[in-house]
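> Any chance you could fold what I've pasted below:
(one chain, ligands or ions: 2)
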Amino acid sequence: MSTDKTLILIKPDGVGGGLVGEVISRIESKGYAIDALRMLKADRALLEKHYAEHIGKPFYEPLVEFMMSGPIVAIVASGNCVIEGFRSLAGVTDPTLAGPGTIRGDLARDQGTKVVQNIVHGSDSPESAAREIAIFFPK
Ligand code: IDP
Ligand code: MG
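Numbers count the residues shown, from 1 in each chain. Ligands and ions are numbered 1, 2, ... in the order given. Just a heads-up that it's a prediction; the model follows:
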């Protein structure tokens, strides 16, 4: 039986806001395992790979600038259904609409910026997870 894996990022607003422990605590409290973890400052080339699906969208450049604005934490978490499970823990993209009890709902709000600042990233499918894990944790 293979265990599902997902790539989680704690974005610069999460690290800068002192929320690394809070986010990791929510992942672990839910029962998922932390398989790998690193702090880094992402560069443009890495973010271009990670956010390839968003190239050309109006928020793409602000997104890249935001993600380069400070350190981030990359995490591989594992457990059955962890991809959907972490997306559920994170809440929907817009922190104004993300439900109370979710990471984005509890810990973020609209800051009036061109890009939505919402504390965390989580892979959205097994294909994305495999692709994104290889970007942040190359063998
Ligand atoms: P997700 O992070 O919930 O999967 P995506 O659609 O993959 O959302 O978008 C990636 C990131 O780009 C979001 O987390 C958010 O920071 C930002 N973003 C997405 N859509 C918008 C938008 O319409 N305006 C501004 N920023 C956005
Ligand atoms: Mg996404």
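
> Next up, the contacts around residue 73.
Residues near residue 73 by C-beta atoms under 8 Å, 6 or more residues apart in numbering: 9, 10, 14, 15, 20, 37, 38, 39. For glycine as for every other residue, the C-beta is placed from the backbone atoms N, C-alpha and C.

> That one and residue 36: what is the separation?
In this view, residue 73 and residue 36 are 11 Å apart by C-beta to C-beta, to the nearest Å.

> what does residue 116 give?
Residue 116 sits 26 Å away from residue 36, going by C-beta to C-beta.

> Neighbour count: these two, which is higher?
Using other C-beta atoms under 10 Å, the more surrounded residue of residue 116 and residue 36 is residue 116, with 17 against 14.

> Roughly how far does that one sit from ligand 1?
4 Å (C-beta to the nearest ligand atom, to the nearest Å).

> didn't that residue look like it was pressed against residue 91?
No - using C-beta atoms under 8 Å, residue 116 is not in contact with residue 91, being 11.8 Å away.

> I figured residue 67 was touching residue 12, is that so?
Yes - judged on C-beta under 8 Å, residue 67 makes contact with residue 12 at a distance of 6.7 Å.

> For ligand 1, see how far away residue 17 is.
15 Å.

> State the pLDDT value of that residue.
For residue 17, the pLDDT comes out at 98.

> Could you list which residues are in contact with the residue most central in space within the chain?
In the chain, the centroid-proximal residue (C-alpha atoms, centre = their mean) is residue 121; its distance is 1.7 Å. Residue 121 is in contact with 7, 8, 9, 11, counting by C-beta under 8 Å, 6+ apart.

> Surely it is in a strand?
Yes - checked against DSSP: H, G, I helix; E, B strand; the rest coil, residue 121 lies within a strand.
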